[in-house]
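Participant: 3D model of this:
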Amino acid sequence: MDPNTLPKFPEDPSSTNLSFTQAYTDVHTITTHPHPYNSFANYVVRAYLLNRVDNDLNSTAVFVHAGEGVSFEGNNILVKVDGTEPDKGGVLFSAHFDSVSTAPGVTDNAIAVASLLALLEYLTTHHVKRTAIFNFNNGEEDGLNGAHAFLEHPWSKITHKFLNLEGAGAGGQPLLFRSTSLSPINNYISQSPHGTVISADAFLRGVVRSRTDFSVFMNGLGNDTKMEGLDIAFYTNRAFYHTTHDSIRGAEDAKGSLWSMLSTVHTTALSMLDDPLEDGEGEVEPVCADGWGEVLGRWFVAFTQASMLQFCFALIGAPGPLIFWAATAQPFSAKTSPARGWISFWASFFLSILAQAALVFVVLKYNPYIVHAHSYTLLTSTMSLAYLTTVSFLRFSSAGTSRRVLWKQMYILTYILNALSAYAVYKIKIGGVFFLVGWHFCVLLGWGVEVVCGGVADAATAAAGGARGDREPNSESPSKKGRKKKKLNVKIDDVPSSAANSWWWMIQAIVSIPFPVILMSQVLILFLASLGQTLTDGSNPIFVYASTALLSTFIILPLQRVQVLPDGGVKAITALTGVPFYLQKLVHELPSTWGRNISCAEDTERTRTWTCSWETDLIPSTMYEDIGDIPLSYNVTSLGQTSARLRVKGCDSRSCKVYFDNRNVTRYDVYEVSSDGPGYTIPDEGINSLRMFSRSWDREFVVDLHWEAKSESAEEGEGGFKGRVACQWSEYQSATRGLMRPNLSGSIPAFEEALEYLPRWGLVTKLTDGLVEVWREFEV
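Facilitator: Residues are numbered from 1 along each chain as shown. Model (predicted):
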């Protein structure tokens, strides 16, 4: 179904059990300003939520991710609603309430927060079996920090299932992104179900380069905190993600999107809370090939990995090949021209593949980001090309002879795809190949029709041929006795063969064409809507375009037979990161680049993106002073040959970072924060940076650092332990108007310049923890 088609909105929302009007008010209030963790607006949003739920619980997390240490002082809002049978365990409902600094955050993640507030209000007057834990967490946008902090709280040990709500687009219909296993899938209930296991496979295989709190809750800190659960998120209009367009006005029908999430959360949550099955009976298996998906946006089906494998193997073995043999062994197959049919089918198939490869090559060379703005133009191109290249060789007719040969080749192709699908399910743990299995099954059903109806028709043909005697095509007919025989030019249609009576080809078409075409079309539309605008996030464009082209061919076959970085001191460097072709156009739109020396280089962390930077006079300021006055103080004290104590403080900032430039740190201890949490073991190679977040302003971070002694093979000029201390800022004038805070004067003129001068097609979002980073070097 169309991902932008939302379920029917009730004429009178107040007639339902859901507080839609209050939820819509919540969304408006939460998204008045961008509210990242490191902002005063975040405090305002948190205060509003506290007033709504009347609860306040904090926890602290210290963990390591991707070679980077993190110390996070969380201020999540936790609420517990006891169930009537608390011994059955609890269900966690989680949504982060912080936004990025460049977006008000309607879709990411105010709608989710409002949906949970409505659910919480409902549960205060309605009893359910299981205990409900609500986690309105903070700091997700800076590294899933709030989810990690929840795992340190005792309540994390009583929750066995979870429902995580997210936003990775701007409006539209929420998608069932992922599930840990089939068990929570059975709890997914929606007025308009939307999702497929393919999205889970894409996350698992790194095709989608994004993270949500789902992965934190799934992995936990150990067996006592691992959970089974679902990840539901918005995904359409990805280009608006983390930009100013993620707003009430910019979202695709904000009211409809809110109702869709609200109703889905309500029904799914009640199913989880009243589930008669015991949670935690089985181990969480994040790598599995269970399958699930919607059918035309009306039904939702799910199946286990074992059942899918059994079905695949049944099609590979009997009765598939037996039906195939029975169909090809019938007498009518001798009347065909098999060589011509074989060549026609496979020539058209490989011609289509080559033509699609050429199209992908041209697109990648001349307009590799066309899918962002014109996804349906791309879809029309690939579908049209697939049709033109197959129709040149394959012309389906009602004549049974030619059709049978082509159906034979179709069966062989889908048989191979089904065998490959079985391997993918069993060995690679990919469940998203279900549509190929379904396609092969439908072709097999078509062969069944061929065996039954074709056999009957062929018997009628034989009987008619016997009655006609020697009137066969190109045969000789005797005339009068003693006279010379002559050839009769009799057409094949003169014989009432299966070719003339193959009315049953319509039955074949009905059982073998609509279902796989609809299923694969649905997958393709969802694929384009979800991955089409992720190229700037680092997704592989070859995979996106090649998959689109291949799916288009499969569908036709059944029918046819940016950020700012100060460079230390008072020198300010503005940097923009993006796609090279468009980046060079955008940079020259900014007045601060005119007459400047612009340096551009390939980004080391994001593939297929470049970063352009230039020195600028646009000096940012914090809330109280210019960055030029260096609102960053630090002190480094040696504690020995391989340890030091570092103090760092950022004026009006709650976020600081330490870079270790020439040696990795093997141990760190942040004062007033425990570093011995379970599950947070520093890898043997150490970490190359440490991010620190505080729940209070102007906090002086004190951290002890330990590193390995320099090896004898190290170069003499390597020196001591070197690094940089840095703090970040995220607030700017246009995003903080109306905040009731005295002396509020923080500004980021370089970012304001980008908002003012970039063309409408060039949107800007934050790249790292802050929009401004001030750093200074140190050496022990």
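Participant: how close does Y426 sit to A419?
Facilitator: Relative to A419, Y426 is positioned 11 Å away (CB to CB, to the nearest Å). Using the backbone N, CA and C atoms, a C-beta is placed for each residue, glycine as well.
Participant: what's the answer for A373, then?
Facilitator: Following CB to CB, the distance that separates A373 from A419 is 39 Å.
Participant: which one of the two is surrounded by more residues?
Facilitator: Comparing A373 with A419 by other CB atoms under 10 Å, the one with more neighbours is A419, at 16 against 13.
Participant: show me the contacts for the more buried one.
Facilitator: If a contact means CB atoms under 8 Å, 6 or more residues apart in numbering, then A419 has C312, I316 as its contacts.
Participant: which strand or helix spans it?
Facilitator: Per DSSP states H and E, A419 falls inside helix 400-423.
Participant: so the residue nearest in space to the middle of the chain, which state does it fall into?
Facilitator: The geometric centre of the chain, computed from its C-alpha atoms, lies nearest to V208 (CA atoms, centre = their mean), at 5.0 Å. Under DSSP: H, G, I helix; E, B strand; the rest coil, V208 falls in the coil class.
Participant: in stretch 259-274, which residues are buried?
Facilitator: Going by neighbour count (16 or more other CB atoms under 10 Å), the buried part of stretch 259-274 is 259-266, 268-270, 272-274.
Participant: pretty sure E602 sits against L583.
Facilitator: No - E602 lies out of contact with L583 (CB atoms under 8 Å); the separation is 11.2 Å.
Participant: these two: which has the busier surroundings?
Facilitator: Summary of the neighbour comparison: E602 and L583, criterion other CB under 10 Å, with L583 having more neighbours (18 against 11).
Participant: can you tell me which residues contact that one?
Facilitator: Contacts were defined as CB under 8 Å, 6+ apart; by that measure L583 touches L576, T577, C600, T609, W610, C612.
Participant: export only the CA atoms of the helix or strand encompassing it, formatted as CSV.
Facilitator: For L583, the element it lies in under DSSP H and E is helix 580-587. C-alpha atoms of helix 580-587 as CSV (Å, rounded to 0.1, in the frame of the first residue of the first chain):
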residue,chain,number,x,y,z
PRO,A,580,30.1,16.3,-3.2
PHE,A,581,28.0,17.3,-6.3
TYR,A,582,25.5,19.3,-4.4
LEU,A,583,27.8,20.4,-1.6
GLN,A,584,30.0,22.4,-4.0
LYS,A,585,26.9,24.2,-5.2
LEU,A,586,25.6,24.9,-1.6
VAL,A,587,28.9,26.2,-0.3
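Participant: shift numbering so it begins at 43
Facilitator: That works, and once the first residue is 43, the last one we named lands at helix 622-629.
Participant: all strands of the stretch 543-692 of the chain, in order?
Facilitator: Taking DSSP state E, counting those that start in this stretch to define them, one finds strands in the stretch 543-692 of the chain at 605-608, 614-620, 641-644, 652-658, 674-682, 685-692.
Participant: the fourth one relative to helix 622-629, how many degrees between them?
Facilitator: Inter-element angle recorded for strand 652-658 and helix 622-629: 20 degrees (by axes from the mean of the first three to the mean of the last three CA atoms, to 10 degrees).
Participant: run through the stretch 643-792 of the chain and note the low-pLDDT ranges.
Facilitator: Within the stretch 643-792 of the chain, the set of residues satisfying pLDDT under 70 comprises 664-672, 716-722, 753-761, 782-788.
Participant: one step back: now do the buried residues in the helix holding L625.
Facilitator: For helix 622-629, the buried set under the neighbour-count rule, 16+ other CB under 10 Å, comprises L625, L628, V629.
Participant: for the second one, which non-adjacent residue is spatially closest?
Facilitator: Sequence neighbours aside, G804 is the residue nearest to L628 in space, at 4.7 Å (criterion: CB to CB, 6 or more residues apart in numbering).
Participant: please, which helix or strand holds that neighbour?
Facilitator: With DSSP H and E as criterion, G804 is part of no helix or strand.
Participant: what do you get for C354?
Facilitator: Using DSSP H and E, the element containing C354 is helix 347-358.
Participant: give the rounded mean pLDDT of that helix.
Facilitator: Across helix 347-358, the average pLDDT comes to 88.
Participant: chain center to that helix, what's the gap?
Facilitator: Computed by CA atoms, centre = their mean, to the nearest Å, the chain-centroid distance of helix 347-358 equals 27 Å.
Participant: and what of stretch 807-815?
Facilitator: The mean C-alpha position of stretch 807-815 is separated from the chain mean by 23 Å, CA atoms, centre = their mean.
Participant: okay, buried residues for that stretch please.
Facilitator: Residues of stretch 807-815 classed as buried under the neighbour-count rule (16+ other CB under 10 Å) are T807, K808, L809, D811, G812, L813, V814, E815.
Participant: what of stretch 457-473?
Facilitator: Of the residues in stretch 457-473, those scored as buried under the neighbour-count criterion (16+ other CB under 10 Å) are Y457, L459, N460, A461, S463, A464, A466, V467, K471, I472, G473.
Participant: among the residues you listed, which one sits closest to F62?
Facilitator: Of all the buried residues of stretch 457-473, the one sitting nearest F62 is G473; the distance, using CB to CB, is 35.0 Å.
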